[in-house]
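> sequence and predicted structure below; questions after.
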Amino acid sequence: MKTVFHSAASRGHADHGWLNAKHSFSFASWYNPERIHFGMLRVLNDDIVAGGMGFGKHPHDNMEIITIPLSGAIQHQDSMGFSEIIETGEVQVMSAGTGIYHSEFNPKPDQELNLFQIWIFPNQKQVTPRYAQRKYNIKSGAFTALVGPQESNLATWIHQDAWISLGEFSAQTTSTYSVNKQKNGIYLMVIEGEIQIGEQRLQSRDALGISETEQIDIQMEQNSKILVIEVPMN
């Protein structure tokens, strides 16, 4: 098993007043030549957006974009004609394909929005742009898949052999995550809590990139919420 540890404090940071952003990989003005991507995972941004503020209309193409609100809600509008609100407990996917424009705002003036935005390189370029969102329920003590490839039969599928899962676990329990596709890697982030994987201890917002293994065993040191992004490594 091959691992790379990314502490929470090692992430890029941009504070724009209305936006407090943490970048796991090089993004915007933050550049780290050793943190460009992990396999097909290009972006993992941890954003806090002030009430009533957001990102104006901007373009994307040839990228699979996944948004997961952790608290609050996000108002989405795009050039495909979608105007939707994504609440905490929902996940949104967007295949930018041949090109789209969209905007994202916090519709609640008195509440901050905290979200993860994830970009994954697609396995097909120039596809017809696509949008989907759905609610999900996390079962305690297990990982729940939020996103998968088309054959996963999830409404929130993407053009890549990748899976995104969330899990909530009690302290002093163990869990195993098994790779869905051989030779895929795992980028695991602790959202809340503290865990142990092998000799590596991870606390809130610490992350571990893991490859060359078929499964990982996780020991929960505290009540923990975990994000797992499984992607092809090349």
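That came through, no problem.
> which residues touch stretch 187-198?
Residues outside stretch 187-198 that contact it (C-beta atoms under 8 Å, 6 or more residues apart in numbering): 1, 3, 24, 38-39, 41, 44, 70, 166, 169, 171, 177, 201-210, 216-231. Heads up, the C-betas are built off the backbone N, CA and C, glycines and all.
> now the end-to-end length of stretch 218-234.
25 Å (C-alpha to C-alpha, to the nearest Å).
> then stretch 194-203?
End-to-end distance (C-alpha to C-alpha), stretch 194-203: 4 Å.
> with stretch 176-191 instead?
17 Å.
> how far out from the middle of the chain is that stretch?
13 Å (C-alpha atoms, centre = their mean, to the nearest Å).
> what does stretch 135-148 give?
13 Å.
> cool, stretch 89-109 as well?
The answer for stretch 89-109 is 13 Å, by C-alpha atoms, centre = their mean.
> ends of it, how far apart?
End to end - C-alpha to C-alpha - stretch 89-109 spans 20 Å.
> could you give the average pLDDT over that stretch?
Averaged across stretch 89-109, pLDDT comes to 98.
> do stretch 130-139 as well
Stretch 130-139 shows a mean pLDDT of 97.
> what about Ile195, which SS state?
strand (DSSP: H, G, I helix; E, B strand; the rest coil).
> show me what it is bridged to.
Leu202, Met220 (DSSP bridges).
> can you count the residues close to it?
23 (other C-beta atoms under 10 Å).
> before we move on, what about the one 5 residues further on?
Residue neighbour count, defined by other C-beta under 10 Å, stands at 12 for Gln200.
> who are the contact partners of it?
Thr3, Phe5, Leu208 are the contacts of Gln200 under C-beta under 8 Å, 6+ apart.
> sort out for me which of the residues you listed are in strands.
Thr3, Phe5, Leu208 (DSSP state E).
> export those to a markdown table and tack on pLDDT, distance to Val190 and neighbour count?
Compiled in a markdown table, these are given as follows (pLDDT from 0 to 100; distance: C-beta to C-beta, whole Å; neighbours: other C-beta atoms under 10 Å):
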| residue | pLDDT | distance to Val190 | neighbour count |
| --- | --- | --- | --- |
| Thr3 | 98 | 14 | 18 |
| Phe5 | 98 | 12 | 13 |
| Leu208 | 98 | 9 | 20 |
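> in ChimeraX, select just the buried ones from the contacts of stretch 187-198.
Buried residues within the contacts of stretch 187-198, by 16 or more other C-beta atoms under 10 Å, are selected in ChimeraX with:
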select :3,24,38,39,41,44,70,166,169,177,202,205,206,207,208,209,210,216,218,219,220,224,225,226,227,228,229,230,231
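> ok, back up a step: out of the contacts of Gln200, flag the one nearest to His58.
Closest approach to His58 among those (C-beta to C-beta): Leu208, at 31.3 Å.
> which residues does the nearest residue to the closest one once chain neighbours are set aside form a beta bridge with?
Spatial nearest neighbour of Leu208, excluding adjacent residues (C-beta to C-beta, 6 or more residues apart in numbering): Leu188 at 5.1 Å. Beta-bridge pairing of Leu188 under DSSP bridges involves Leu208, Val228.
> measure Leu188 to Ile216 for me?
For Leu188, the distance to Ile216 equals 7 Å [C-beta to C-beta, to the nearest Å].
> joint contacts of the two?
Jointly contacting Leu188 and Ile216 under the rule C-beta under 8 Å, 6+ apart are Tyr177, Ile197, Ile210.
> just give me the neighbour total for the second one.
Which is Ile197. Per other C-beta under 10 Å, the neighbour tally for Ile197 reads 20.
> tell me the predicted confidence for it.
98.
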